[in-house]
Structures are given as C-alpha cells and as structure tokens.
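[1] Sequence first, predicted model second:
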Amino acid sequence: MLFSTPLVPARLIRRYKRFLADIRLEDGRDVTAHCPNPGSMMGLAEPGMRIWLEPNDDPRKKLKFGWRLVDHENGHFTGVDTSVPNKALKAALMARQVPGLPDYTLVRPEVKYGQNSRIDFLLSGNGPDTYVEVKSVTLSRQPGLAEFPDSVTARGAKHLSEMANMVRAGHRAVMFYLVQRTDCSAMTLATDLDPTYARAFADARASGVTVLAQSCQITPQEITLGSSIPLRD
C-alpha cells in the first residue's frame with residue numbers, strides 16, 4: 001500500500017485527546033496533526049520521537065497532516081494508522097495472497113453479523129463462509145515480541161465471542177493480527193493489560209477460531225504485508 005502523498009519527517013511534541021498530536025516540522029513550524037489511533041499507543045507517543053506525517057490539501061479536512069509512522073531511528077518503523085491493516089489485507093485478499101485461509105471466490109467487507117456487530121471481511125466460496133476479523137498490533141515491551149492489545153478493549157473481546165458463535169453455527173472464523181512493526185518476529189497477548197480479552201481469546205481458540213499473525217514491511221513510501229509470524233502463548 002503506497003502512501004498517496006509523500007511523507008514528511010517531524011518530531012512529536014505531544015499526543016492528546018487520543019486523535020490529536022502537536023508536531024514540529026523540520027522547518028521549525030509547529031502544527032497539529034490527526035492521530036489515527038484510538039489505543040494507548042504505549043511506547044509510541046513519547047515527546048521528541050521522530051515521526052512521519054502525510055500532508056493533504058483537502059479543503060474538507062481541518063487538519064492538514066496525518067500521523068502515519070514512528071521512526072525508531074535504528075532502521076525500524078511502526079505504523080500507527082489503525083485503518084492500514086484493513087486496507088492492506090483487502091488488497092491481499094483480492095490478490096489471493098494471504099496464506100492460511102480456505103478457498104474463496106468472493107470478498108465482502110463490513111458485513112453485519114452477530115449482535116449489532118460487523119465483521120471486517122466475509123469470504124465466500126467452497127465450503128462454509130469464513131468470517132475474518134483484523135486487528136492492528138503496535139505494542140512491543142520485549143525486543144522482537146509484539147503484543148495485543150495495548151489497552152482494555154471490550155469491543156475486541158466481543159468480536160472474539162461473536163466469531164466463536166459463528167464457528168459453533170457451522171461457519172469458519174479467522175482472527176488476523178497484522179503486526180505493524182518491523183522490529184518484531186513473534187506475537188503474544190498482553191494478558192496483564194486486558195485479562196478479559198485474553199480469556200475471550202482462549203475461549204474463541206478452543207471453539208475453533210483460527211488465529212493468524214503476519215508481519216509488515218514498512219518504509220516512508222509504503223506498507224506491505226510481510227511473512228507469517230508465530231503466536232507465543
């Protein structure tokens with residue numbers, strides 16, 4: 001997934017109200033950027049961090065910059081935009097480039113199911129329908145190990161329960177974690193941050209929900225899907 005506008009480097013001053021960040025551009029100007037991440041962004045929002053912004057000239061948008069990457073200044077990047085996994089996975093699904101999924105011929109995004117929920121992708125084709133939920137993973141507290149979630153997510157636990165119900169009803173369900181960090185080669189659950197999510201995950205897995213985790217290749221020019229990575233208990 002290529003960025004639609006060339007990114008520009010900057011330094012983070014502060015992130016606040018979840019969706020706002022004050023930024024200092026390289027020319028010395030201070031601007032406010034949209035932060036497309038509702039999570040805690042633990043370890044990714046420290047003042048002074050080098051980040052990358054996507055400018056826009058859309059007259060409908062009040063903020064003229066969107067925060068896209070954290071540059072760890074050691075050759076590694078983290079993508080902070082939580083909409084990226086769905087965009088990247090949709091392109092990969094259409095190109096049939098996602099390993100571990102059953103055969104399908106139709107990809108439908110944002111389909112209603114369960115109790116007032118929407119599944120990210122519903123795959124149809126040979127055999128039962130496959131319900132695919134996508135999560136963006138950005139937390140890392142140990143070198144090389146990504147963790148999810150970075151804060152309590154009641155919505156995430158609800159999605160796991162809904163997918164378990166789909167499996168019980170005779171369908172397939174896949175929980176897909178996209179690790180938006182180039183410095184991680186494995187993933188695990190942050191059970192200390194959200195024990196309820198961890199229990200829902202264990203129940204869903206025991207019910208037959210498939211779990212897939214995949215890495216990303218990230219540069220200031222593009223984000224693309226990488227290889228599958230292991231899930232550690």
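    Arrived safely, thanks for sending.
[2] going forward, measure contacts and count neighbours with C-alpha atoms only.
    Noted.
[3] Domain-wise, how is this protein divided?
    With domains defined by automatic domain parsing, the chain comprises 8-74, 84-228.
[4] what would those look like in JSON lines with mean pLDDT?
    Shown next, in JSON lines, are those (pLDDT from 0 to 100):
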{"stretch": "domain 8-74", "mean pLDDT": "96"}
{"stretch": "domain 84-228", "mean pLDDT": "95"}
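[5] In a markdown table, list those along with mean neighbour count and distance to M1.
    Shown next, in a markdown table, are the domains of the chain (neighbours: other Cα atoms under 10 Å; distance: least, Cα to Cα, whole Å):
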| stretch | mean neighbour count | distance to M1 |
| --- | --- | --- |
| domain 8-74 | 17 | 13 |
| domain 84-228 | 18 | 5 |
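[6] Could you export the ones you listed as TSV, including distance to L2?
    Below are the domains of the chain laid out as TSV (distance: least, Cα to Cα, whole Å):
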stretch	distance to L2
domain 8-74	12
domain 84-228	4
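[7] Now do the helix ranked longest in the chain: which elements does it pack against?
    Longest helix in the chain by number of residues (criterion: DSSP state H): helix 154-168. Helices and strands touching helix 154-168, by 3 or more Cα pairs under 8 Å, 6 or more residues apart in numbering; DSSP states H and E, are strand 130-137, strand 172-179, helix 195-207.
[8] residues making contact with the last one?
    Residues from elsewhere that reach helix 195-207, judged by Cα atoms under 8 Å, 6 or more residues apart in numbering: 152-154, 156-158, 160-161, 163-164, 167-168, 189-191, 211.
[9] what about 10 Å?
    148-149, 151-168, 173-175, 189-192, 209-211 (Cα atoms under 10 Å, 6 or more residues apart in numbering).
[10] can I get the CA coordinates of the helix or strand just after it in PDB?
    Sequence-wise, the next helix or strand downstream of helix 195-207 (DSSP states H and E) is strand 210-218. Coordinates of the C-alpha atoms in strand 210-218 are reproduced here as PDB (Å, rounded to 0.1, in the frame of the first residue of the first chain):
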ATOM      1  CA  THR A 210      -8.300 -19.800  13.600                       C
ATOM      2  CA  VAL A 211      -5.500 -17.300  14.600                       C
ATOM      3  CA  LEU A 212      -3.100 -15.800  12.100                       C
ATOM      4  CA  ALA A 213      -0.400 -13.300  12.700                       C
ATOM      5  CA  GLN A 214       1.600 -11.500   9.900                       C
ATOM      6  CA  SER A 215       4.300  -9.000   9.800                       C
ATOM      7  CA  CYS A 216       4.600  -5.800   7.800                       C
ATOM      8  CA  GLN A 217       7.300  -4.300   5.600                       C
ATOM      9  CA  ILE A 218       7.300  -0.500   6.400                       C
END
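[11] Thank you, goodbye.
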